[in-house]
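Colleague: Generate a structure from the sequence data that follows.
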Amino acid sequence: MDKLTITKPDDWHVHLRDGEVLGDALRHTARQFARAVVMPNLSPPVTTVAAAKAYAQRIMQACKLLEPSGIGHFEPLMTLYLTDNTPPDEIEKAKAAGIVGVKLYPAGATTNSAAGVTNIALCDATLEKMAQIGVPLLVHGEVTSAQIDLFDREAVFIEEVLHPLRLRHPKLRVVFEHITTEQAVEYVMNADTQQLGKIAATITAHHLLYNRNAIFQGGIRPHYYCLPVLKREHHRQALLKAATGDSERFFLGTDSAPHVTRSKEQACGCAGCFTAAQALELYAKAFDSVGKLQQLEAFASFRGADFYGLARNTEQVVLEKKLQEVPHQYVFGAEYITPLNAGQTLEWTFLG
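Modeller: So this is what the prediction gives:
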């Protein structure tokens, strides 16, 4: 297959940042995706409906500035940042305002998560309100205890936090975001959604393409460092099987997370892979690697919209099996960001 035409996809998990760099992050996502679920872990975080509306306005203003460069229509799908003190009535306001979900960051789990949840039991009243009115919980699924090995934190989260949480709030709808393990695949695949609320999961391109060896090949490679961290090969294979299979519970979420190059390439570098500029090409590479290109449209364009109860897009985009060299860097405000695979060759090219 030399060309692939699919319904224009959506990104169900992306970081667009804010301020002077917002437009530089947004241009890459808006070029390939019609909509994107925008993460709320700014500094300060987006904890109220008023803050989410203001952030959405800034995104749309940046979109207008990008229009002369050929960026098409783009719709940001806004989220709230869950804290120990998020009141239930804020969830009612969020539902009325069209906010699509509330994000759970365990405190200390990842970038700008210091204000996150310290004890999920403190949020029970708010979670019950979310279950009652149908607002999904978007989960960063890792425990943060220093006693738990970094590579085991997702599996422990399922056992100690996620499943007990779903039992306490059986109507709660959950998106288990950027899953990285065989255990997560099995949990989402086999979850009982008749007695418990619907559950789905997003999967990144980098977790489909790479295992943890990528971080250490030839030395420390900081642009492959993300949270949750890349795992062993058998976990990657489980993710790839889930993404390219027939289950409606798995869909695209890039978790593209831009950090300026100097913040990645230092003694204590930031976690996050910047993949937005070649997102669909990376996913096409993963699906093509197992002969499942025909499944990419459902994964990228249909399942996420169906889960969130939104209309599927009608516009189409085209990918061509044509070599492209990934640039070494992109402008990011007054500095630069380094994309995943910088300087390497990809087999697919997004034509628009």
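
Colleague: pLDDT score for the residue nearest to residue 154 when sequence neighbours are not counted?
Modeller: Ranked by CB to CB, 6 or more residues apart in numbering and with sequence neighbours excluded, the top spatial neighbour of residue 154 is residue 181, at 4.9 Å. Where you see a C-beta, it was placed from the backbone N, CA and C, and this is true even at glycine. Among the per-residue scores, residue 181 holds a pLDDT of 98.

Colleague: Surely residue 181 touches residue 237?
Modeller: No - using CB atoms under 8 Å, residue 181 is not in contact with residue 237; the gap is 11.3 Å.

Colleague: So between these two, which is more surrounded?
Modeller: residue 181 (25 against 15; other CB atoms under 10 Å).

Colleague: got the contact list for the more buried one?
Modeller: Residue 181 sits next to 154, 155, 231, 235, 238 when contact means CB atoms under 8 Å, 6 or more residues apart in numbering.

Colleague: Among those, which ones are in helices?
Modeller: Judged by DSSP state H, these include 154, 155, 235, 238 as members of helices.

Colleague: Touching, the first one and residue 141? I think so.
Modeller: Yes - look at residue 154 against residue 141 with CB under 8 Å: they come within range, at 5.4 Å.

Colleague: which neighbours do those two share?
Modeller: Common neighbours of residue 154 and residue 141 (CB under 8 Å, 6+ apart) are 179, 184, 228.

Colleague: Now flag whichever of the ones in helices among the contacts of residue 181 is closest to residue 172.
Modeller: When the ones in helices among the contacts of residue 181 are compared for distance to residue 172 (CB to CB), residue 154 wins out at 19.2 Å.

Colleague: in the chain, which helix has the most residues?
Modeller: Counting by DSSP H, the longest helix found in the chain is helix 49-66.

Colleague: What residues of it count as buried?
Modeller: Under the neighbour-count criterion of 16 or more other CB atoms under 10 Å, helix 49-66 has 49, 51, 52, 55, 56, 58, 59, 62, 63, 66 buried.

Colleague: can I get the CA coordinates of that helix in PDB?
Modeller: Below are the C-alpha coordinates for helix 49-66, written out as PDB (Å, rounded to 0.1, in the frame of the first residue of the first chain):
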ATOM      1  CA  VAL A  49     -14.200  26.100  34.400                       C
ATOM      2  CA  ALA A  50     -13.300  29.800  34.200                       C
ATOM      3  CA  ALA A  51      -9.600  28.900  33.700                       C
ATOM      4  CA  ALA A  52     -10.500  26.300  31.100                       C
ATOM      5  CA  LYS A  53     -12.600  28.700  29.100                       C
ATOM      6  CA  ALA A  54      -9.800  31.300  29.200                       C
ATOM      7  CA  TYR A  55      -7.300  28.700  28.000                       C
ATOM      8  CA  ALA A  56      -9.600  27.700  25.200                       C
ATOM      9  CA  GLN A  57      -9.800  31.300  24.100                       C
ATOM     10  CA  ARG A  58      -6.000  31.600  24.000                       C
ATOM     11  CA  ILE A  59      -5.900  28.400  21.900                       C
ATOM     12  CA  MET A  60      -8.400  29.700  19.400                       C
ATOM     13  CA  GLN A  61      -6.600  33.000  19.200                       C
ATOM     14  CA  ALA A  62      -3.400  31.100  18.400                       C
ATOM     15  CA  CYS A  63      -5.400  29.100  15.700                       C
ATOM     16  CA  LYS A  64      -6.400  32.400  14.000                       C
ATOM     17  CA  LEU A  65      -2.800  33.500  13.800                       C
ATOM     18  CA  LEU A  66      -1.900  30.200  12.200                       C
END
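
Colleague: Remind me what that helix packs against, helices and strands.
Modeller: Using 3 or more CB pairs under 8 Å, 6 or more residues apart in numbering; DSSP states H and E, the elements in contact with helix 49-66 are helix 22-32, strand 35-38, strand 75-77, strand 79-81, helix 88-96.

Colleague: Could you dump the ones you listed into CSV with distance to residue 201 added?
Modeller: Shown next, in CSV, are those (distance: least, CB to CB, whole Å):
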stretch, distance to residue 201
helix 22-32, 20
strand 35-38, 13
strand 75-77, 17
strand 79-81, 16
helix 88-96, 22
